[in-house]
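In: Structure of the sequence below:
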Amino acid sequence: MARDLNKVQITGRLGADPEMRYTPQGSAITTFRVASNRSWRNVEGTPQEETEWFRVVAWDRLAEVCNEWLAKGVRVYVEGRLQTRQWQDQEGYRRSTTEVVANDLIILDRLHEHSATQMPSSDNTTSKRVLPRSEITVVEETGKPQSKSSRRQKHSSSKVSMLQNNSTTILPHARKAFEEEDLPFS
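Out: Numbering: from 1, shown residues only. I've put the predicted structure just below:
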């Protein structure tokens, strides 16, 4: 049987602060909206721009981290899957919404650009952060992952760490941060 693919990758800015709540079973859920701009030139050569809004849902530890570190205006990269939910509202009308269920999230802004998201690194400099659902490795300025033992010693109480990176492109370095067993393919 062939495997299907449902994968979404977006970059954009949060339109408002994230909202967090808990299910009756105690699972954390954080929702936020991301505005993603598309630019092009029309037939006459005039620049055009269009904004598409995406509703994003994060669960469990990723939800808690998003609620703690994201704020209105912060630029993010979100990776996840599309999901459509249907329900009946209080007036009896059927409603539906399509949303991105986040698996990974990367904050693309430098932390000093948005004071609400500032988080100093161990050497008191500003850092970019990678916030995936699974545990991540702290990456030093060299881009080399730390060993598991040193990571466990430094971050034994927390599964979310910082990615230190001063370059403008964060995605290639983020891929280096995952251990082989964290990859979705083998």
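In: Quick check: next helix or strand after the longest helix seen in the chain?
Out: Scanning the chain for the longest helix, with DSSP state H as the assignment, gives helix 60-69. Per DSSP states H and E, helix 60-69 leads on to strand 75-88 as the next helix or strand towards the C-terminus.
In: In PDB, list the C-alpha atoms belonging to the helix or strand following that next one.
Out: With elements assigned by DSSP H and E, the helix or strand that comes after strand 75-88 is strand 94-107. Taking Å, rounded to 0.1, in the frame of the first residue of the first chain, the C-alpha atoms of strand 94-107 are listed here in PDB:
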ATOM      1  CA  ARG A  94     -22.700  22.900  11.300                       C
ATOM      2  CA  ARG A  95     -19.300  24.600  11.300                       C
ATOM      3  CA  SER A  96     -15.900  23.500  10.100                       C
ATOM      4  CA  THR A  97     -12.400  24.800  10.200                       C
ATOM      5  CA  THR A  98      -9.100  23.700   8.600                       C
ATOM      6  CA  GLU A  99      -6.000  24.200  10.800                       C
ATOM      7  CA  VAL A 100      -2.300  23.300  10.900                       C
ATOM      8  CA  VAL A 101      -1.500  20.800  13.600                       C
ATOM      9  CA  ALA A 102       2.100  21.800  14.400                       C
ATOM     10  CA  ASN A 103       4.800  19.100  14.800                       C
ATOM     11  CA  ASP A 104       7.800  21.600  14.800                       C
ATOM     12  CA  LEU A 105       8.200  25.300  15.300                       C
ATOM     13  CA  ILE A 106      11.200  27.500  14.800                       C
ATOM     14  CA  ILE A 107      11.300  31.100  16.000                       C
END
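In: buried ones in the longest helix of the chain?
Out: Buried positions in helix 60-69, judged by neighbour count with 16 or more other C-beta atoms under 10 Å: 61-67, 69. Every C-beta, even on glycine, is put in place using the N, C-alpha and C of the backbone.
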